[in-house]
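Colleague: Task: produce atomic coordinates for the following.
(chains A, B, C and D)
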There are 2 protein chains.
Amino acid sequence: MDISHTEENYLKAIFKISERDGKPASTNAISTEMETTAASVTDMVKRLSDKTLIHYERYRGVTLTGQGEQIATHLIRKHRLWEVFLVDKLHFSWDEVHEIAEQLEHIKSQSLVERLDEYLGFPKFDPHGDPIPDSNGNFAVRKQILLSELKPGERGEVVGVQDHTTAFLQYLDRMELALGTQVEVLEYFEYDESMRVLANNGREQVLSKKVCQNLFIQKH
Amino acid sequence: MDISHTEENYLKAIFKISERDGKPASTNAISTEMETTAASVTDMVKRLSDKTLIHYERYRGVTLTGQGEQIATHLIRKHRLWEVFLVDKLHFSWDEVHEIAEQLEHIKSQSLVERLDEYLGFPKFDPHGDPIPDSNGNFAVRKQILLSELKPGERGEVVGVQDHTTAFLQYLDRMELALGTQVEVLEYFEYDESMRVLANNGREQVLSKKVCQNLFIQKH
DNA sequence: AAATAATTTTAAGCCAACCTAAAATAGTAT
DNA sequence: ATACTATTTTAGGTTGGCTTAAAATTATTT
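Modeller: Numbering: from 1, shown residues only, chains lettered A, B, ... in the order given. Got it, this is the predicted structure:
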């Protein structure tokens, strides 16, 4: 059985949505994620169901079958490995790689993925700090919290971003808040829920609520 | 205007055929190359003509327009650069890379190609000795001849293959006739048009007519 | 519980890319 | 020039993935 580029993208969307919402993916949620209409989704969902890649009952939303989930996690694995390649080897910046990886993730070759993984040194996280699943679809877990959850006096390391937009990533570049940066919360302002933060590069700056709620920190 | 994966493959096929035959690509030739029917080709050829990617007149065969040729050579450029990547960086053997590169060549990102080129050290030839066009579509030319054209006593360097099949490439591996091997023709047998050849690795062996007609040599 | 709103599905149809079978054209041989 | 053959095109139809508009179902409000 072969599966199209488009079908793969639907599976990935369904995976993403059910992970985020912790429940079956609704037709509407999928149509939003895929930037298409609800009718198109219903259409596709029937096909994916015929191929036993998802469980589907009318009006009930969809979940991935084992098979479907395997395809989805493998896509994510490929996407994130390629992102590492683009950043580490080709020196793209972390805000430029998503679209290209979106294409590269559809390349079909088992040995390619495994060799790429090895070539990159078996990375466990991509350039945005997102975990790279192993070939069985298992994600590394990390006890990370949002910077906004840190109390004054507490310290941690920047390990990931929740918001993947170019705007946010470029903002972080400007603020020199790369992954791996050690930070300490100096002060919390109730007024606008911002924080004064000291980074290990010596920079001390105030970060907005929005920024704090989009930065993942590993506490220590 | 955007162009599909399939359309790109047609353009590449047309380029290849007109290069090989030195005349417009016939519907039948294209259908053979694309492993499809003549009717499908006629269908597609009309669309490509509407997009001004080819010149087409019924029953007259097709040729690429400037635009079409640019797309075709750019595909070949990407294909061959990716082959170099797969062999040089991921250590695939030269008989394993074609299919994967066939997919990778469709990745759309100008900066990706240029960075890859740089990363690979601006290679001029791919792992099979085929020239890699520059970003303007210009191919390096090399005065190469077939081994079968060499006379006893003459020497040269193995620089490419005409036959790209796995069988031939693996045969060359066994015979230790990699690209770059220096060879000298010791003896020619009229009986079966085979040759006794001495390689710079000290190996002396008899190569069949078929082998000699599929190995490109740069004479010296 | 009934009415209203939101979501989802169905219906009907479009386009790209394919197919088979039949018709048209071109090329070749007599 | 005619007949035959090979090639190419047309005609008509399929499938995947998409659309809009209408109908059906579910969820929410009163």
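Colleague: For the rest of this, base every contact and every neighbour count on C-alpha atoms.
Modeller: OK.
Colleague: Who are the contact partners of the most centrally placed residue in chain A?
Modeller: The centroid of chain A falls nearest to A:D130 when counting by CA atoms, centre = their mean (5.2 Å). A:D130 makes contact with A:80, A:160-161 under the criterion CA atoms under 8 Å, 6 or more residues apart in numbering or on different chains.
Colleague: redo that, cut-off 10 Å
Modeller: Counting by CA atoms under 10 Å, 6 or more residues apart in numbering or on different chains, A:D130 makes contact with A:76, A:80, A:124, A:139-141, A:159-162.
Colleague: again with A:K46
Modeller: With contacts defined as CA under 10 Å, 6+ apart, A:K46 is in contact with A:52, A:54-58.
Colleague: Could you find the closest non-adjacent residue to A:Y119?
Modeller: Spatial nearest neighbour of A:Y119, excluding adjacent residues (CA to CA, 6 or more residues apart in numbering or on different chains): B:L90 at 6.6 Å.
Colleague: Verify the stated contact: the one you found with A:L112.
Modeller: Yes - checked against CA atoms under 10 Å, the pair B:L90 and A:L112 is within contact range at 8.1 Å.
Colleague: Check the contact lists of these two and give me the overlap.
Modeller: Each of A:E118 lies in contact with both B:L90 and A:L112 under the rule CA under 10 Å, 6+ apart.
Colleague: what pLDDT does A:E35 get?
Modeller: The confidence metric pLDDT takes the value 97 at A:E35.
Colleague: swap in A:N201?
Modeller: 88.
Colleague: Now do it against A:E184, distance only.
Modeller: The span separating A:N201 from A:E184 equals 11 Å under the rule CA to CA, to the nearest Å.
Colleague: Pick out whichever of the two has more residues nearby.
Modeller: A:E184 (21 against 11; other CA atoms under 10 Å in any protein chain shown).
Colleague: what residues are up against the closest residue to A:D192 other than its chain neighbours?
Modeller: Nearest non-adjacent residue to A:D192, counting by CA to CA, 6+ apart: A:K209, 6.9 Å away. Taking CA under 10 Å, 6+ apart, we find A:K209 in contact with A:147-148, A:189, A:192-195.
Colleague: from the residues you listed, which ones fall inside helices?
Modeller: With helices identified by DSSP state H, none of the entries of the contacts of A:K209 belong to them.
Colleague: any idea which of those residues is closest to A:T166?
Modeller: In terms of CA to CA, no member of the contacts of A:K209 lies closer to A:T166 than A:L147, at 19.6 Å.
Colleague: so where do the strands sit in chain A?
Modeller: Counting by DSSP state E, the segments of chain A that form strands are A:54-56, A:62-64, A:144-146, A:155-161, A:182-189, A:194-199, A:204-207, A:215-219.
Colleague: what's the fourth one packed up against?
Modeller: So that's strand A:155-161. Contact analysis of strand A:155-161 by 3 or more CA pairs under 10 Å, 6 or more residues apart in numbering or on different chains; DSSP states H and E lists strand A:144-146, helix A:166-175, strand A:182-189, strand A:194-199, strand A:215-219 as its packing neighbours.
Colleague: what angle do that strand and strand A:194-199 make?
Modeller: Counting by axes from the mean of the first three to the mean of the last three CA atoms, to 10 degrees, strand A:155-161 points 100 degrees away from the direction of strand A:194-199.
Colleague: what residues does chain A put near DNA strand D?
Modeller: In this structure, chain A approaches DNA strand D at residues A:4-7, A:35-41, A:43-44, A:47, A:59, judged by CA under 7 Å from any atom of the strand.
Colleague: would you list the contacts of A:K209 in a markdown table and tack on neighbour count?
Modeller: What follows is the contacts of A:K209, written out as a markdown table (neighbours: other CA atoms under 10 Å in any protein chain shown):
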| residue | neighbour count |
| --- | --- |
| A:L147 | 27 |
| A:S148 | 22 |
| A:F189 | 12 |
| A:D192 | 9 |
| A:E193 | 13 |
| A:S194 | 19 |
| A:M195 | 24 |
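Colleague: could those be laid out in TSV, adding distance to DNA strand C and pLDDT?
Modeller: Formatted as TSV, the entries for the contacts of A:K209 read as follows, by distance: CA to the nearest atom of the strand, whole Å; pLDDT from 0 to 100:
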residue	distance to DNA strand C	pLDDT
A:L147	31	98
A:S148	30	98
A:F189	36	98
A:D192	31	97
A:E193	31	97
A:S194	32	98
A:M195	35	98
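Colleague: just so I have it, where are all the helices in chain A?
Modeller: Under DSSP H, chain A gives helices at A:5-21, A:27-34, A:38-50, A:66-84, A:98-104, A:110-119, A:166-175, A:209-212.
Colleague: want to try TSV for the ones you listed, with distance to B:I217 as columns?
Modeller: Formatted as TSV, the helices of chain A follow (distance: least, CA to CA, whole Å):
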stretch	distance to B:I217
helix A:5-21	42
helix A:27-34	52
helix A:38-50	52
helix A:66-84	37
helix A:98-104	36
helix A:110-119	31
helix A:166-175	51
helix A:209-212	62
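Colleague: Out of these, indicate the one that is most buried.
Modeller: For the helices of chain A, average neighbour numbers computed from mean count of other CA atoms under 10 Å in any protein chain shown are highest in helix A:66-84, which has a mean of 23.
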